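S.K.: build me a structure from this.
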Amino acid sequence: MQPGPRNLITDIPGLRVGNAQDATLKSGTTVLTADAPFTASVHVMGGAPGTRETDLLAPDKTVAAVDALVLSGGSAYGLDACSGVVDGLRAAGRGFQVGSAVIPLVPGAILFDLLNEGEKDWDENPYRALGRSAFERADTAFEIGTAGAGTGALTAMMKGGLGSASLTLPDGSTVGALVAVNAIGSVTTPGDRHFYAAPFEIGDEFGGQGPDTASGLGLSLESRKMKAMSLRENTTIAIVATDAALSKAECQRVAVAAHDGIARATVPAHTPNDGDLVFALSTEGRAAGNVILIGHAASLCLARAIARAVYEATPMEGDLLPCWSDLNA
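M.R.: Numbers count the residues shown, from 1 in each chain. Just a heads-up that it's a prediction; the model follows:
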């Protein structure tokens, strides 16, 4: 398995991603959409999730496909980004047809970035407009790092961000991951240089520092974030995808497997104060794939995408925490 040409989730044909962010707000939204509705499911392992329309993704629910997925900052306010995407899809004539009505289906998830020193004293919720803007910008090329839903994200020791990665499988199918990293845990070992995901790095996609050779890692849970705020401003939210044909139940199993990537890249993960969640989707552009291999590849992509998100983060005025690049200049 090797990364696709972009090393982004959009290496999967038909997928597009758009970002919209506000530097003053220190927050933003990321939207994944496709040329056609896609099969999707979800699995939540964090104790504090914030979601919209995720119930319809359960394998026993009637809806067969959705039109877009949203990752957003803004906590509960950020769920309104989905409404902006619904507006954009409706204007494009996209959605589930019920008689003469067209109903775009847009599940979403949010992370908490309300205390990151951005200006949050708005009169009108800004996330609906951010969602519409992100949808309209959706393309095969998009920024990672301090962008979209990762704009105001923070991990335990440094800035988080938006990350993505991909793998091409032996049968020619592609698996990819997209993630906004705002974890309670750390993505780097003590000393801030080596990523927990280093054993899974391909080339130097997040600096090529290699694994930390120290033993006893993870025994100290130091957190600059906790000192700056509290333990309540967290969550890693992700999307994994493939063009191999999968049922909704198989997508759910891939989402479960992909959570291993969060645990490999973040210490600790899936805590009571994280809302860790993974969507999994299939565009069904190719023949049915090996669910075991796809789930494994999704976990590898997600671990790498988490490290890439933090590695690519860039400084902004008023940041509470440093970037990886600040600490390793």
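S.K.: which residues of the stretch 151-300 of the chain fall in strands?
M.R.: Under the criterion DSSP state E, counting those that start in this stretch, the stretch 151-300 of the chain contains strands at 161-168, 174-181, 236-245, 277-288.
S.K.: tell me where this structure has helices.
M.R.: Using DSSP state H, the helices found in the chain span residues 75-78, 81-91, 127-136, 224-228, 248-265, 291-311, 324-327.
S.K.: by mean pLDDT, show me the worst of the ones you listed.
M.R.: Looking over the helices of the chain, mean pLDDT reaches its minimum on helix 224-228, with a mean of 79.
S.K.: and the residue nearest to Leu162 when sequence neighbours are not counted, how many neighbours?
M.R.: Among residues not flanking Leu162 along the chain, Gly150 sits closest, at 3.2 Å (Cβ to Cβ, 6 or more residues apart in numbering). C-beta coordinates here come from the backbone N, C-alpha and C atoms, glycine included. Neighbours of Gly150 under the rule other Cβ atoms under 10 Å: 34.
S.K.: quick one: low-confidence parts of the protein?
M.R.: For the chain, the stretches with pLDDT under 70 are 230-233.
S.K.: the lengthiest strand in it versus strand 236-245: what angle between them?
M.R.: What stands out as the longest strand in the chain, according to DSSP state E, is strand 27-44. Counting by axes from the mean of the first three to the mean of the last three Cα atoms, to 10 degrees, strand 27-44 lies at 60 degrees to strand 236-245.
S.K.: so which bits of strand 27-44 are buried?
M.R.: The neighbour-count check on strand 27-44 (16 or more other Cβ atoms under 10 Å) flags 27-34, 37-44 as buried.
S.K.: I'd like to know which elements that strand is packed against.
M.R.: strand 15-22, strand 66-72, helix 81-91, helix 127-136, strand 174-181, helix 248-265, strand 277-288 (3 or more Cβ pairs under 8 Å, 6 or more residues apart in numbering; DSSP states H and E).
S.K.: show me what the last one is packed up against.
M.R.: Under the contact criterion of 3+ Cβ pairs under 8 Å, 6+ apart, the helices and strands touching strand 277-288 comprise strand 27-44, strand 236-245, helix 248-265.
S.K.: now do the nearest residue to Asn116 once chain neighbours are set aside against Ala138, distance only.
M.R.: Nearest non-adjacent residue to Asn116, counting by Cβ to Cβ, 6+ apart: Gly152, 4.5 Å away. Using Cβ to Cβ, to the nearest Å, Gly152 is found at 21 Å from Ala138.
S.K.: just want the most central residue of the protein.
M.R.: Val179 (2.0 Å; Cα atoms, centre = their mean).
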